[in-house]
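Engineer: Please find the sequence and the predicted model below.
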Amino acid sequence: MSRALLAFAAFALAAGTARADEGMWLPNEFPSDKVQAAYGFKPDAAWLDHARLSAIRLANGCSASLVSSNGLVATNHHCVRQCLTEISHKGDDTAETGFLASSPAEEKRCTATEADRLIEISPVTDRIRKATEGKQGADFAAALKLETAAITQACAGGDEKLRCDVVTLYRGGRYDLYKYRRYQDVRLVFAPEDAIADFGGDPDNFEFPRYALDVGFLRIYENGKPLDSKDGYFHFGEREPLPGEAAFTIGDPGSTERLFTVSQLLEERNVDLPRFVAYLAEDRGILTEFTRRGPDERRVGEASLLGVENSLKAMRGEWQALSDPALIDGKRKAEAALKGRVAADPALAKSTLSAWDDIDAALQRHRALSDRAFVLLRAERYSSRLLNYALTLVRAPVELAKPNGERLEEYTDASFPAQRQRLLAESPVSPELETVTLAYWLGKVREILGPDDPAVHKLLGMQSPEQLAASLVKGSKLGEVAVRKRLLDGGPSSSDPMIAFARLLDSEARPVRKQIEEDYEAVLDDAGGKIARAQFALYGNTAYPDATFTLRISYGAVQGWDEAGKSIAPLTRFSGLFERATGAEPFRLPARWLAAKDSLTASTVFDFATTNDIVGGNSGSPVIDRRGDVMGLAFDGNFQSLGGDFGYDPALNRSVAVSSVAIREALAKIYGATALLDELGTAPAK
């Protein structure tokens, strides 16, 4: 990465300013004047409201958008990959063959998918400040949780079709209430074959040029009928993107750390990222071996492997970015400048200077607990679905019996409907894959904590990780939806071995989580908020907050870049796809693509790069033009963009999208998706 540019970007962020094309902006505080100065177009309130209503957040960690008046949703293929696995079965790999519903009756329910539509944003900072004023540590955490629960409960009013979240912005400097309309009847309409959706596989991931048709179409249903979305949807564009034209991404970037202190960034670089990279690298090897056992193993394990490969490459890129001395040097200078200005103001010095020391002390305390937290608190994500189910079933009756403000976050009124949907999703469970992934996690528990640790003795007993995993999976009935539903509804206590194991794990994990929430996260929230308020006082509220998996709008242009003396063009075309195809994985084209080669227009734009500032979570975000028409769907970035968690370099950071014209041409000439094309329609007069 460009050292000078990274250093400048780090300073600009800390000083409360943003460079051209940089920023994941709040929809209610979008810098329209900056866009006008850069591109001669000023998005007005109506344009921004339309963008907000047309945007969809998928609770699985992706972005999407409405693209018809009948609830049709466009997103990425990799965002519907789990749904494809759900509807596949032995001998019928839907991810391999692709899926097209020729009529609404053929659309398949994605039982684990929730779609959220943002309908209102309101400020609640004063309420949170009043509730937490003068409190620290555990008292701060309890007061924050209690007031947050009260706000969200009043917002939703007991209606599970509404989702209300109090969103922490500027590391605790501000709090907003986001009100969503929640939809849990979401059905699959179209997805191409894996081979073209992920063409190039891991070698091409976070690279450009790209040739991936990373698209999937869903439909939202309400009361058993397609959603009436006439009040807000994007037209799916019919023209090619033009180099230099303005482009806007509307989506939900997951998280960034651009406002972290230097100490927090060093903790990421020296402790957190190396540990994650090592864990994921080994996990990738295990899953790769599993998927090579046979076609059924590939069918059930491919989605997990793709997710691990993506996370591994992303974290390696983040680690590399933080290893560049220029980024850390720039942050040090910016932080020193901010501290100097705070120290020069007696009132700010009294309220703020200790915040940096508080963060450093919290990091030091956390380090002693971090290994235990890494393996025990991430069991749901890094072990097995059966254990995930068991932990939910063990914790749900305990948590749901508490007042809303005292529950674990995922069991609050705002969050539990999504948790329950995942628990009761009709997703097939592979015992073979469960055994492999659970054994790997158990092995890491023993390796990281040590064989003499009391928790290891409690969890493993006299068995090896492989023996315990095999016995737990073989004896568990939690793969059956009816069993999970009976237990969730208060059925008789279960003797299921996975439930028994989850109780043991919960007894070890709960104290660790409590300590982290009260003695670490609460301190970071409190201290981070103090620093943010000092920045507001000194520089004004001219910067965007770190990403929080909430709706943001970024602006930029269709543009390539220069690297190592080579100019990278911003557009790829169908002709390049066939030149790149080798016939061997991961550069193998589906048979129907090879058969249709002569009917395709070779010059049609396939994928394109823009200067939009995006990160993970933006997958599926519509890239729209100034008219509000979809130019494409963002699905990736270049390798340099992996440092985007910490800073933005306009010379090198690029997002990557599949063009709407490529999608339209494929639907017409390869998939014969006439009904879908008719629904996407033609551009209305504007």
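Structural biologist: Structure received. Numbers count the residues shown, from 1 in each chain.

Engineer: Next, count neighbours for the residue lying closest to Glu409 once chain neighbours are set aside.
Structural biologist: The spatial neighbour of Glu409 that comes closest, neighbours along the chain excluded (CB to CB, 6 or more residues apart in numbering), is Ser415 at 6.1 Å. For glycine as for every other residue, the C-beta is placed from the backbone atoms N, C-alpha and C. Ser415 is flanked by 17 other residues according to other CB atoms under 10 Å.

Engineer: if I look at Ser415, how far off is Glu160?
Structural biologist: 11 Å (CB to CB, to the nearest Å).

Engineer: just Glu432 next, same as before
Structural biologist: 36 Å.

Engineer: and what of Phe574?
Structural biologist: Taking CB to CB, one finds Phe574 at 45 Å from Glu160.

Engineer: okay, those two: which has more neighbours?
Structural biologist: Phe574 (20 against 13).

Engineer: ok, the closest residue to Ala596 other than its chain neighbours - contacts?
Structural biologist: Once flanking residues are discounted, Ala596 sits nearest to Ile670: 4.8 Å by CB to CB, 6+ apart. Taking CB atoms under 8 Å, 6 or more residues apart in numbering as the criterion, Ile670 is in contact with Arg592, Trp593, Ala596, Leu600.

Engineer: Ok, Lys145 next?
Structural biologist: Applying CB under 8 Å, 6+ apart, the residues near Lys145 are Gly405, Glu406, Glu409.

Engineer: ok, of these, which one's closest to Asp649?
Structural biologist: For the contacts of Lys145, the minimum distance to Asp649 (CB to CB) is 34.2 Å, reached by Glu409.

Engineer: Quick check, pLDDT for the closest one.
Structural biologist: At Glu409, the model reports a pLDDT of 94.

Engineer: ok, how many other residues are close to it?
Structural biologist: 13.

Engineer: what about it, distance to Thr152?
Structural biologist: 11 Å.

Engineer: Helices of the stretch 551-686 of the chain, residue ranges please.
Structural biologist: Secondary structure of the stretch 551-686 of the chain (DSSP state H, counting those that start in this stretch): helices at 574-580, 591-595, 660-669, 674-680.

Engineer: Redo those helices as CSV? Include mean pLDDT.
Structural biologist: Shown next, in CSV, are the helices of the stretch 551-686 of the chain (pLDDT from 0 to 100):
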stretch, mean pLDDT
helix 574-580, 98
helix 591-595, 97
helix 660-669, 98
helix 674-680, 97
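
Engineer: from the ones you listed, which stretch is densest packed?
Structural biologist: Across the helices of the stretch 551-686 of the chain, averaging neighbours per residue (mean count of other CB atoms under 10 Å) puts helix 660-669 on top, at a mean of 22.

Engineer: centre of the chain versus it, how much separation?
Structural biologist: Distance, stretch centre to chain centre, for helix 660-669: 27 Å (CA atoms, centre = their mean, to the nearest Å).

Engineer: who's in contact with it?
Structural biologist: Contacts of helix 660-669 (CB under 8 Å, 6+ apart): 190, 192, 213, 215, 236-240, 574, 596, 599-601, 604-607, 629-633, 673, 676-677, 680.

Engineer: Restrict stretch 362-378 to CA atoms and write it as PDB.
Structural biologist: Taking Å, rounded to 0.1, in the frame of the first residue of the first chain, the C-alpha atoms of stretch 362-378 are listed here in PDB:
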ATOM      1  CA  ALA A 362      -8.400  -2.700  29.700                       C
ATOM      2  CA  LEU A 363      -6.300  -4.200  26.900                       C
ATOM      3  CA  GLN A 364      -3.700  -5.400  29.500                       C
ATOM      4  CA  ARG A 365      -6.400  -7.100  31.600                       C
ATOM      5  CA  HIS A 366      -8.000  -8.600  28.600                       C
ATOM      6  CA  ARG A 367      -4.800 -10.100  27.300                       C
ATOM      7  CA  ALA A 368      -4.700 -12.500  30.300                       C
ATOM      8  CA  LEU A 369      -8.200 -13.700  29.300                       C
ATOM      9  CA  SER A 370      -8.000 -13.600  25.600                       C
ATOM     10  CA  ASP A 371      -7.000 -17.200  24.900                       C
ATOM     11  CA  ARG A 372      -9.900 -18.500  27.000                       C
ATOM     12  CA  ALA A 373     -12.300 -16.100  25.300                       C
ATOM     13  CA  PHE A 374     -11.000 -17.000  21.900                       C
ATOM     14  CA  VAL A 375     -11.900 -20.700  22.200                       C
ATOM     15  CA  LEU A 376     -14.900 -20.600  24.600                       C
ATOM     16  CA  LEU A 377     -16.900 -17.700  23.300                       C
ATOM     17  CA  ARG A 378     -16.500 -18.500  19.600                       C
END
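
Engineer: quick one: average pLDDT of it?
Structural biologist: 93.

Engineer: And for stretch 270-279?
Structural biologist: On average, stretch 270-279 scores 95.

Engineer: hmm, who's touching that stretch?
Structural biologist: By CB under 8 Å, 6+ apart, the list of residues contacting stretch 270-279 reads Ser311, Leu312, Met315, Arg316, Glu318, Trp319, Leu322, Arg367, Ser370, Phe374, Tyr382, Lys444.

Engineer: same deal with stretch 149-159?
Structural biologist: Taking CB under 8 Å, 6+ apart as the rule, stretch 149-159 contacts 124, 127, 162-166, 177, 179, 403-407, 412-414.

Engineer: Please flag which of the contacts of Lys145 sit within helices.
Structural biologist: Per DSSP state H, helices hold no members of the contacts of Lys145.

Engineer: any chance of the residues you listed in CSV, plus distance to Arg513?
Structural biologist: Listed next are the contacts of Lys145 as CSV, based on distance: CB to CB, whole Å:
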residue, distance to Arg513
Gly405, 17
Glu406, 14
Glu409, 10
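
Engineer: Among these, which one lies nearest to Leu259?
Structural biologist: Glu409 (21.6 Å).

Engineer: quick one: that closest one from Leu144, how far?
Structural biologist: 11 Å.

Engineer: Next, count neighbours for the residue nearest to Asp562 when sequence neighbours are not counted.
Structural biologist: Excluding its sequence neighbours, the residue lying closest to Asp562 (CB to CB, 6+ apart) is Ile568, at 7.2 Å. Using other CB under 10 Å, Ile568 is surrounded by 16 other residues.

Engineer: show me what contacts Ile568?
Structural biologist: With CB under 8 Å, 6+ apart, Ile568 has these contacts: Phe208, Pro209, Gly560, Trp561, Asp562, Ala609.

Engineer: Also Leu442?
Structural biologist: Ser383, Leu459, Leu460, Pro465, Leu468, Ala469.

Engineer: try 10 Å this time
Structural biologist: Shown in contact with Leu442 (CB atoms under 10 Å, 6 or more residues apart in numbering): 375, 379, 383-384, 387, 456, 459-460, 463-469, 472, 501.

Engineer: got it, and Pro511?
Structural biologist: Arg372, Leu376.

Engineer: Tell me how far the strand or helix carrying it lies from the chain's centre.
Structural biologist: In this structure, Pro511 sits in helix 497-516 according to DSSP states H and E. Centroid separation for helix 497-516 versus its chain: 26 Å, with CA atoms, centre = their mean.

Engineer: ditto for stretch 74-81
Structural biologist: That offset, for stretch 74-81, works out to 12 Å (CA atoms, centre = their mean).

Engineer: same check, this time on stretch 588-602
Structural biologist: On CA atoms, centre = their mean, the centre of stretch 588-602 falls 32 Å from the chain's centre.

Engineer: Between its first and last residues, what's the separation in it?
Structural biologist: 18 Å (CA to CA, to the nearest Å).

Engineer: Residues in contact with that stretch: which ones?
Structural biologist: So stretch 588-602 is contacted by 96-98, 192-197, 199, 201, 211, 213, 573-583, 661-662, 665-666, 668-672 (CB under 10 Å, 6+ apart).
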